[in-house]
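Colleague: Okay, here's the prediction I keep looking at, along with the sequence it came from:
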Amino acid sequence: MAIGPEVLKIKDLKKSFGETAVLKGLTLTVRQGEVLVIIGPSGCGKSTLLRCLNGLEKVNGGEIVFGGQFLTDPQTNWSRTRQRIGMVFQNYELFPHLTALENILLGPLRVQNRKKEEALAVAEGWLTRVGLWDRRDAYPRELSGGQKQRVAIVRALAMDPEIMLFDEVTASLDPEMVREVLDVILTLAKEGLTMLIVTHEMAFAKAVADRIIFLDEGVIVEDASPTVFFENPATERAKKFLNIFQYDDYHKNEGAKGDSGDSPLTPPVIF
């Protein structure tokens with residue numbers, strides 16, 4: 001999908017928790033249809049950035065402009081804005097007393113006041129696409145981690161958001177369940193949905209991103225295409241994070257061992 005005009009602008013964004021500065025003047029622009037993957041070490045401000053964009057954290061300085069609206073304005077109607085900026089969390093956040101379908105219908109019916117027939121048709125369409133229509137009457141306790149996360153994604157998509165925020169949505173999943181969730185996000189990317197994704201899945205980041213944003217200590221250290229970032233990072237900090245090494249093949253060297261049993265393996269080369 002083609003990348004469109006600017007839809008989100010972040011300028012000099014600051015966020016602190018007490019005396020600890022988490023975001024230190026972060027500036028970033030997002031265009032329509034763009035997929036930004038935000039990576040970095042734990043505690044660098046990735047999740048905090050998404051929470052600021054969704055109004056879950058109050059910023060201490062700077063601006064967030066979305067569709068011409070200043071979200072940093074104290075008068076921002078976050079209930080209305082969150083219908084346009086969807087967010088999916090690491091721990092699903094499903095209501096345990098509601099079925100999968102009831103979780104999905106809650107927002108469209110109670111927040112958006114849509115007709116039940118319309119909301120049900122949208123929910124059925126999304127649940128069918130993610131392979132869960134047959135599990136619509138199951139409660140969260142009856143679903144696997146991957147199924148719960150797919151329901152959480154559908155719940156956000158049913159509100160018809162303009163931007164989606166994904167915060168480590170595979171972090172709580174067993175490895176075999178990760179792919180089923182990432183496949184859903186890959187499909188959304190191909191369809192041109194604007195997304196900001198925080199993840200530690202580097203292979204997925206490389207596959208889905210239009211741009212990689214590498215954060216460290218509350219600032220953007222690198223902003224590059226996936227190819228450039230993963231194959232030729234510009235900073236030593238990014239190289240260290242990616243742990244880019246080139247190792248000799250151990251098995252190729254087995255035959256070259258001397259009588260003493262010592263191996264002539266060469267040290268790793270750091271790019």
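Modeller: Structure received. Residues are numbered from 1 along each chain as shown.

Colleague: Residue nearest the middle of this protein, spatially speaking?
Modeller: Per CA atoms, centre = their mean, the C-alpha nearest to the average position across the chain is that of Ile197, at 2.0 Å.

Colleague: Does it have any beta-bridge partners, and if so which?
Modeller: Beta-bridge pairing of Ile197, defined through DSSP bridges, involves Val37, Phe166.

Colleague: Please name the residues that touch it.
Modeller: Ile197 makes contacts with Val35, Leu36, Val37, Ile38, Leu165, Phe166, Ile185, Ala205, Val208, Ala209, as judged by CB atoms under 8 Å, 6 or more residues apart in numbering. Placement of C-beta: from N, CA and C, glycine included.

Colleague: The first one is in contact with Ile212, isn't it?
Modeller: No. Counting by CB atoms under 8 Å, no contact exists between Val35 and Ile212, whose distance comes to 10.1 Å.

Colleague: Overlap in contacts, those two.
Modeller: Listed contacts common to Val35 and Ile212 are nil; contacts here mean CB under 8 Å, 6+ apart.

Colleague: and the gap between the residue nearest to the centre of the chain and Gly68?
Modeller: 24 Å (CB to CB, to the nearest Å).

Colleague: the strands in the stretch 151-271 of the chain, which residues?
Modeller: Along the stretch 151-271 of the chain, the stretches classed as strands by DSSP state E, counting those that start in this stretch are 163-167, 194-198, 211-216, 219-224, 245-246, 269-270.

Colleague: hey, C-alpha coordinates of the first one in CSV?
Modeller: These are the backbone C-alpha positions of strand 163-167, laid out as CSV (Å, rounded to 0.1, in the frame of the first residue of the first chain):
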residue,chain,number,x,y,z
ILE,A,163,-4.3,4.1,13.8
MET,A,164,-3.5,0.9,15.8
LEU,A,165,-1.0,0.7,18.6
PHE,A,166,0.4,-2.7,19.6
ASP,A,167,2.3,-3.0,22.8
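
Colleague: low pLDDT regions in the stretch 101-250 of the chain?
Modeller: Counting by pLDDT under 70, the low-confidence segments of the stretch 101-250 of the chain come to 244-250.

Colleague: ok, now with 50
Modeller: Low-confidence segments of the stretch 101-250 of the chain, defined by pLDDT under 50, span residues 245-248.

Colleague: Regarding stretch 147-166, how distant is the last residue from the first?
Modeller: For stretch 147-166, the first-to-last residue distance is 16 Å (CA to CA, to the nearest Å).

Colleague: Contact partners for Glu93?
Modeller: Here Glu93 is in contact with Ala152 (CB under 8 Å, 6+ apart).

Colleague: That one is in what secondary structure piece?
Modeller: Secondary structure here is read from DSSP states H and E; on that basis Glu93 sits in neither a helix nor a strand.

Colleague: all helices for this structure, in order.
Modeller: Along the chain, counting by DSSP state H, helices occupy 46-53, 78-81, 100-106, 116-129, 145-157, 175-190, 202-208, 226-231, 236-242, 250-253.

Colleague: residue contacts, the closest residue to Leu157 other than its chain neighbours?
Modeller: The shortest distance from Leu157 to any residue other than its chain neighbours is 5.6 Å, reached at Trp126 (CB to CB, 6 or more residues apart in numbering). The neighbours of Trp126, taking CB under 8 Å, 6+ apart as the test, are Ile104, Val154, Leu157, Ala158.
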